[in-house]
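Enquirer: Structure here, sequence nowhere to be found:
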């Protein structure tokens with residue numbers, strides 16, 4: 001009888017533990033396949049990939065800031081020990097970590113943090129080349145404002161202004177000229193920021209950043225971006241505006257969107273070239289040219305939706321561009337197809353009424369799947385994505401996008417690059433759905449074609465490509481002068 005009673009108590013205790021752990025699948029004997037760390041100013045992501053779904057619990061400790069994560073159903077493995085060496089000194093959030101066997105079948109990872117964070121922990125089902133992934137995203141308590149990031153970038157670059165270097169080799173177009181290399185140029189964004197700080201008080205309340213809810217295991221990495229402030233726009237500008245204000249208030253901003261990043265490598269060429277690396281390099285080269293140019297005396301500035309190797313959801317890319325009140329949005333990609341024979345560059349604009357071809361539809365569907373590969377918890381992220389991506393784009397925005405795309409396509413052809421299609425194609429690309437910004441997606445080449453993959457790796461080809469895209473932007477503005485408006489920072 002004693003033995004029977006003991007067995008019953010053990011079974012009851014086991015059942016109670018199972019209920020305490022919740023309805024999530026409990027991984028028993030899961031094998032850790034890989035661990036990856038993606039540090040960035042926006043957030044740091046830690047990914048643990050396994051052959052079965054992992055169940056985890058977390059605890060945040062405030063002083064000093066630490067995050068403890070218990071992963072259940074596994075033993076400490078060499079792969080998990082590798083996490084220690086993957087933390088770099090420049091990580092904005094993680095100072096270091098410790099990993100150990102906290103209990104039988106429970107591994108504890110303790111993150112020593114540089115600042116207080118809002119952790120988001122969620123699981124991803126297998127997709128593309130990945131198996132199950134446990135994702136830990138560490139966000140700052142205060143979300144980074146893209147406009148503040150743009151100002152900070154400009155202030156960092158200020159000492160180099162007027163150094164005499166001019167990376168824009170594109171020929172001049174009427175009304176669009178490189179910035180003068182003679183004397184140190186004024187810093188429009190810096191001046192505006194100084195003017196704002198010297199005022200006794202704002203005329204209108206500053207934009208409010210939405211405070212994120214407390215972290216919950218299983219929630220999505222949602223980091224709301226403040227909506228763009230009201231913009232007053234006129235075709236001619238005000239004649240009563242002071243000279244200084246007219247010089248500093250109108251800054252032409254071009255949002256550059258290097259596709260993919262972080263967990264999402266994009267297309268991979270036959271020799272291992274990753275799309276996410278190539279398009280970031282091209283974006284950096286194009287940024288140099290934009291920052292060295294002006295439109296009818298108004299300085300140009302480039303804003304990158306990502307300036308390093310980390311994942312940015314499609315909706316957040318659109319939000320960032322709108323937050324900095326971008327005049328144009330250029331998403332840069334490198335195409336791939338199922339056979340190596342496909343080749344040539346393409347430019348796409350948004351369509352409200354279906355794709356212009358089956359190839360355009362296929363491409364849009366593939367690019368729109370980036371969130372699944374990169375790692376967004378669709379359940380919790382859905383509301384934000386819908387708000388960001390389902391705004392009705394206007395006919396005027398699409399028409400302007402077609403003009404921009406046509407100018408770029410013509411310039412790409414002029415550098416001797418082969419075109420996949422001779423006209424701008426249209427499809428429902430999620431990343432192009434900013435209702436108030438002319439937006440195009442440039443497929444620079446087919447990275448799946450060995451010859452074009454080799455071209456994309458060459459510095460001179462990237463330079464020529466950046467020149468062509470810059471000339472396309474110049475020609476668009478020459479025929480479609482940007483509206484006069486005052487940016488409220």
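Expert: Great, that's in hand. Given the structure is predicted, the values throughout are model-derived calculations rather than measurements.

Enquirer: Could you confirm residue 68 falls within a strand?
Expert: Yes - according to DSSP: H, G, I helix; E, B strand; the rest coil, residue 68 belongs to a strand.

Enquirer: Apart from its chain neighbours, what residue comes closest to it?
Expert: Nearest non-adjacent residue to residue 68, counting by C-beta to C-beta, 6 or more residues apart in numbering: residue 59, 4.6 Å away. Where you see a C-beta, it was placed from the backbone N, CA and C, and this is true even at glycine.

Enquirer: Over to residue 357?
Expert: With C-beta to C-beta, 6+ apart, the residue lying closest to residue 357 is residue 425, at 6.1 Å.

Enquirer: Would you agree residue 288 falls within a helix?
Expert: Yes - Residue 288 sits within a helix when classified using three-state DSSP.

Enquirer: how far away is it from residue 467?
Expert: To residue 467, residue 288 is 11 Å away according to C-beta to C-beta, to the nearest Å.

Enquirer: These two - which one has more neighbours?
Expert: Per other C-beta atoms under 10 Å, whichever of residue 288 and residue 467 has more neighbours is residue 467, with 21 against 17.

Enquirer: Can you pull the phi and psi angles for that one?
Expert: Backbone torsions of residue 467, given as degrees, to the nearest 10, read phi -60, psi -40.

Enquirer: The one 4 residues further on too?
Expert: Main-chain torsions, residue 471, degrees, to the nearest 10: phi -60, psi -40.

Enquirer: I'd say the residue nearest to residue 357 and residue 358 touch.
Expert: No - assessed by C-beta atoms under 8 Å, residue 425 is found out of contact with residue 358, at 10.7 Å.

Enquirer: Those two: who's more crowded?
Expert: Set residue 425 next to residue 358 and count neighbours by other C-beta under 10 Å: residue 425 wins out with 23 against 9.

Enquirer: Looking at the more buried one now. What's its pLDDT?
Expert: At residue 425, the model reports a pLDDT of 93.

Enquirer: and what of the one 4 residues further on?
Expert: Listed pLDDT for residue 429 reads 91.

Enquirer: Could you measure from it over to residue 447?
Expert: Counting by C-beta to C-beta, the separation of residue 429 from residue 447 is 18 Å.

Enquirer: Tell me which of those two has more neighbours.
Expert: Taking other C-beta under 10 Å, residue 429 and residue 447 do not tie; residue 447 has more neighbours (28 against 25).

Enquirer: isn't the more buried one right up against residue 335?
Expert: Yes - here residue 447 lies in contact with residue 335, judged by C-beta under 8 Å, at a distance of 6.7 Å.

Enquirer: rewinding a little: which residues touch the residue nearest to residue 357?
Expert: Counting by C-beta atoms under 8 Å, 6 or more residues apart in numbering, residue 425 makes contact with 346-349, 355-357, 359-360.

Enquirer: Kindly report the same for residue 136.
Expert: 45-48, 69, 119-121.

Enquirer: Could you identify the helix or strand that succeeds the helix or strand harbouring it?
Expert: According to DSSP states H and E, residue 136 maps onto strand 132-140. Per DSSP H and E, strand 132-140 leads on to helix 146-157 as the next helix or strand towards the C-terminus.

Enquirer: Tell me which residues of that next one come out buried.
Expert: Buried residues in helix 146-157, counting neighbours by 16 or more other C-beta atoms under 10 Å, are found at 146-147, 149-151, 153-154.

Enquirer: and it, what other elements does it pack with?
Expert: Here helix 146-157 touches helix 188-198, strand 298-304, helix 314-323, going by 3 or more C-beta pairs under 8 Å, 6 or more residues apart in numbering; DSSP states H and E.

Enquirer: Direction included, what does whichever helix or strand the residue nearest to residue 68 is part of pair up with?
Expert: Per DSSP H and E, residue 59 falls inside strand 55-61. Strand 55-61 pairs in its sheet with strand 66-72 (antiparallel), by DSSP bridges.

Enquirer: Alright, I will stop here.
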